[in-house]
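Asks: have a look at this prediction, sequence included:
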Amino acid sequence: MRRSNTKLMHEILSYKRPAGSNTEYEVIARFIDAVPGMKRDGFGNRFIRIGDTTTMISCHTDTVHAKPGRQSFTFNKGIYALNLPRPAPVKKRKKYAFQESWWKTRTTMPTPSHDRIYGECLGADDGAGMFIALNMIAAGRPGLYVFHRAEEKGGKGSSFLTANHPDLTDGILRCIAFDRRGQRDIITHQAYGRCASDEFAESLAGLLEMGHSPDPTGSFTDSANYTDLIGECTNVSVGYENEHTDSETLDSTYLTALTDTLCHVDLESLPTVRKPGEEEWEALSFYADSVAGMNPATPAHETTLEFLHHSPNYGIYDDKTTRELVEEVMSLESRIAQAEYESNEDIADDLLMDVIDIEGEIEWREKALERLRGDGFDDEPTDRDYLLRTTE
């Protein structure tokens, strides 16, 4: 069996790659554009077709780093992790009387961690996906390989491709993204709906023979943007954990085993059950339950924001207004933590009041979402009109 190029993973992880940065461009130039026959579209997505194929392999080139540059990491017993200094602990800020009662009953936002370094991550999301795709290309495996730009900005690269070059997917029956945490998941649902059939996911798991299973709890990656063009669109675990944070890790042993397997199995043999554009509304209630903290797997007291805090892929779902509000809260949290670190308590308290105002709107929308999945809006048509208007 062909062995994957493990040195390549070291090289990719040494770069911080925020979308549109010089270091993202450098990685693309060094490792992707160097592939003979690689093409690009008007947005900067790279793609190459190898052989007569019905399979798309999807990954993305950007990360959630706040700034570009190079970084160091540790590699111990097959696990990659960032090598970062930790800030010194700071004194917890005092709270005014009216804030005390609010904090005691509050369940929507955990207190910011003082030992977290914001704007840093390992970048295995989705450096690991790039690693898999590049090794499969080197092995000559059939596939339409697409290296998407700006996935972390809301899937802008794949949105551009589907809107402007839908013909690229002609004849493609399945899109397999490699951009999922863990080591067991083959995603069947993303962004409020089914993206792949259980039959397809089970067949892929059987083909890989690594203990994978269908998982309906996906959030978003680029393959979700192809569901109207391609029947089976999934996302497969690549071995990272705690993505989008400075505690992100990557299990190299799992990643290389998965890559080596993909370099010899026949993905063209996988079945196609789901039809392009096919919708399964039952999935909406499952995903809405999870996001709103009403799924039995999620503690009942958790609400939208806390669920998203616990998910490194927070805020990436169809409700555009709520997504933007949550992202604003996350930005404010980062500023609060920084103000506390610098002992600027007045600034931290002012920012906290902004968070309270924004979360009031989020909580209203969460209740509206609960009515949407329950008895509907017969008695409150204005709520329904508002939600529909703000999610168009």
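Replies: Nice, thanks for sending it over.
Asks: pretty sure L208 sits against T259.
Replies: No. L208 lies out of contact with T259 (Cβ atoms under 8 Å); the separation is 11.1 Å. For the C-beta atoms, the positions are set from N, CA and C on the backbone; glycine is no exception.
Asks: looking at the two, which is more packed in?
Replies: A direct count of neighbours by other Cβ atoms under 10 Å for L208 and T259 places T259 higher, at 26 against 17.
Asks: could you pull out the buried residues of the helix or strand containing the more buried one?
Replies: If you go by DSSP states H and E, T259 is part of helix 252-262. Using 16 or more other Cβ atoms under 10 Å as the test for burial, helix 252-262 gives 252, 254-260, 262.
Asks: got it, and stretch 26-33?
Replies: Counting neighbours by 16+ other Cβ under 10 Å, stretch 26-33 gives 27-28, 31-32 as buried.
Asks: and it, end to end?
Replies: End-to-end distance of stretch 26-33 (Cα to Cα, to the nearest Å): 10 Å.
Asks: got a list of contacts for it?
Replies: Taking contacts as Cβ atoms under 8 Å, 6 or more residues apart in numbering, the residues outside stretch 26-33 that touch it are 8, 11-12, 15, 17, 38, 44, 46, 61, 130, 134, 147.
Asks: tell me the one of the residues you listed nearest P68?
Replies: Taking Cβ to Cβ as the measure, P68 sits nearest to R17 out of the contacts of stretch 26-33, at 7.3 Å.
Asks: tell me the contacts of that closest one?
Replies: 23-24, 27, 61-63, 65, 68, 123, 127.
Asks: what do you get if the cut-off is 6 Å, keeping everything else the same?
Replies: The contact partners of R17, by Cβ atoms under 6 Å, 6 or more residues apart in numbering, come to 23-24, 27, 62-63.
Asks: and those residues, which are buried?
Replies: Among those, those classed as buried by neighbour count (16+ other Cβ under 10 Å) are 23-24, 27, 62-63.
Asks: count of residues packed around I347?
Replies: I347 has 15 neighbouring residues, counting by other Cβ under 10 Å.
Asks: unless I misread the structure, it falls within a strand.
Replies: No. I347 sits outside any strand when classified using DSSP: H, G, I helix; E, B strand; the rest coil, being helix.
Asks: ok so, going back, quick one: contacts of the helix holding T259?
Replies: Residues outside helix 252-262 that contact it (Cβ under 6 Å, 6+ apart) are 1, 4, 78, 128, 132, 135-136, 183, 208, 239.
Asks: just the buried members of the residues you listed?
Replies: Buried members of these, scored by 16+ other Cβ under 10 Å, are 4, 128, 132, 135-136, 183, 208, 239.
Asks: and those as TSV, adding secondary structure, distance to R194 and pLDDT?
Replies: Below are the buried ones among the contacts of helix 252-262 laid out as TSV (DSSP: H, G, I helix; E, B strand; the rest coil; distance: Cβ to Cβ, whole Å; pLDDT from 0 to 100):
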residue	secondary structure	distance to R194	pLDDT
S4	coil	32	62
A128	helix	25	98
I132	helix	24	98
N135	helix	30	97
M136	helix	26	97
Q183	coil	23	97
L208	helix	21	98
G239	coil	25	98
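Asks: what's the most distant pair in those residues?
Replies: Spanning the widest gap among these are M136 and Q183, at 18.6 Å by Cβ to Cβ.
Asks: what does Y145 show for phi and psi?
Replies: Backbone torsions for Y145, taken as degrees, to the nearest 10, come to phi -100, psi 120.
Asks: which pLDDT value does the model give it?
Replies: pLDDT recorded at Y145 is 98.
Asks: quick check, nearest of the buried ones among the contacts of helix 252-262 to P214?
Replies: Nearest to P214 among those, with distances taken as Cβ to Cβ, is L208, at 12.5 Å.
Asks: return the distance of the nearest residue to the closest one once chain neighbours are set aside relative to L122.
Replies: Spatial nearest neighbour of L208, excluding adjacent residues (Cβ to Cβ, 6 or more residues apart in numbering): T261 at 5.6 Å. According to Cβ to Cβ, to the nearest Å, T261 and L122 sit 23 Å apart.
Asks: one more: P68?
Replies: In this structure, P68 and L122 are 15 Å apart, going by Cβ to Cβ.
Asks: which one's more surrounded, those two?
Replies: Neighbour count, other Cβ under 10 Å: between P68 and L122, L122 has more, with 28 against 17.
Asks: that's a strand at the more buried one, yeah?
Replies: No. Counting by three-state DSSP, L122 falls outside a strand, being coil.
Asks: what about the closest residue to it other than its chain neighbours, how many residues nearby?
Replies: Computed as Cβ to Cβ, 6+ apart, the closest residue to L122 that is not its neighbour in sequence is E248, at 3.9 Å. Using other Cβ under 10 Å, E248 is surrounded by 25 other residues.
Asks: tell me the confidence at E248?
Replies: E248 carries a pLDDT value of 96.
Asks: dihedrals phi and psi, it?
Replies: Torsion angles, degrees, to the nearest 10, at E248: phi -60, psi 140.
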